[in-house]
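> From the sequence below, what's the structure:
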Amino acid sequence: GLAYSVPTGVWAQSSVSVLYKVIVPAGDFGSTNFTRHLISGLTSAQVFCGGLDKAAYRVDCLAERLKVVSDGIPEDNDYDEVRQLLSAASADISQLAQANRDRDLPKAHASLREDYSDRTTRPLTPITQESQAEVRQRAIAILEEAKTQLLRSAGGSNSRSIQYAQIAQAIDSTKVLLRS
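Just a heads-up that it's a prediction; the model follows:
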């Protein structure tokens, strides 16, 4: 079996972790439990970033949260492609935010709680009011491309196709944040 260390909570920065043991039967793809864990992380990203009171920070917030999710996927396992696609989408969206930075607003960490247990891992880059609609559309296109690549790479096993389709749907649902 494979063992993963997974942070507890809703992708909050925490020093407490639990041992997550996944036993993969021969010939099967990944783990439905780990797939659910990834989907939960993507859903949490949408909720976290959607909860920010300043829309200027939401695009880069999504980039940062996608990076947190991708960094939580161990290397050299069935989810390497998912990790790589989420990491690339995160980098592309972050670069988009940097290119459209609002210099009148400070880069800032974001938190949904006063105790800062759900705090971003880096300061977020705000985007200008004038560029927000275009940046959101371009970020949606980046997510759409990641979803398409994921679905294309799911060929082969039936369980892989099902799990990748579920992860792709979770990626797709994060676009709701960018449409508001």
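> okay, CA-based contacts and neighbour counts for the rest of this
Noted.
> per-residue confidence averaged over stretch 171-179?
For stretch 171-179, mean pLDDT is 90.
> Which positions in it come out as buried?
Neighbour counts over stretch 171-179 (16 or more other C-alpha atoms under 10 Å) mark I171, D172, T174, K175, L177, L178 as buried.
> what about the first one, which helix or strand?
In this structure, I171 sits in helix 158-173 according to DSSP states H and E.
> and which of the buried residues of stretch 171-179 is nearest I39?
Among the buried residues of stretch 171-179, I171 lies closest to I39 (C-alpha to C-alpha), at 8.2 Å.
> OK, contacts around R58?
C49, G50, L52, P126, L177, L178 (C-alpha atoms under 8 Å, 6 or more residues apart in numbering).
> Kindly state the pLDDT recorded for it?
Reported pLDDT for R58: 95.
> So what does it have for phi and psi?
Here is the backbone geometry of R58 (degrees, to the nearest 10): phi -70, psi -40.
> can you map out the helices along this structure?
32-50, 58-71, 80-99, 132-152, 158-173, 175-179 (DSSP state H).
> Which elements pack onto the shortest one?
To tie it back to what came earlier, the one meant is helix 175-179. Helix 175-179 is packed against helix 32-50, helix 58-71, helix 132-152, with contacts defined by 3 or more C-alpha pairs under 8 Å, 6 or more residues apart in numbering; DSSP states H and E.
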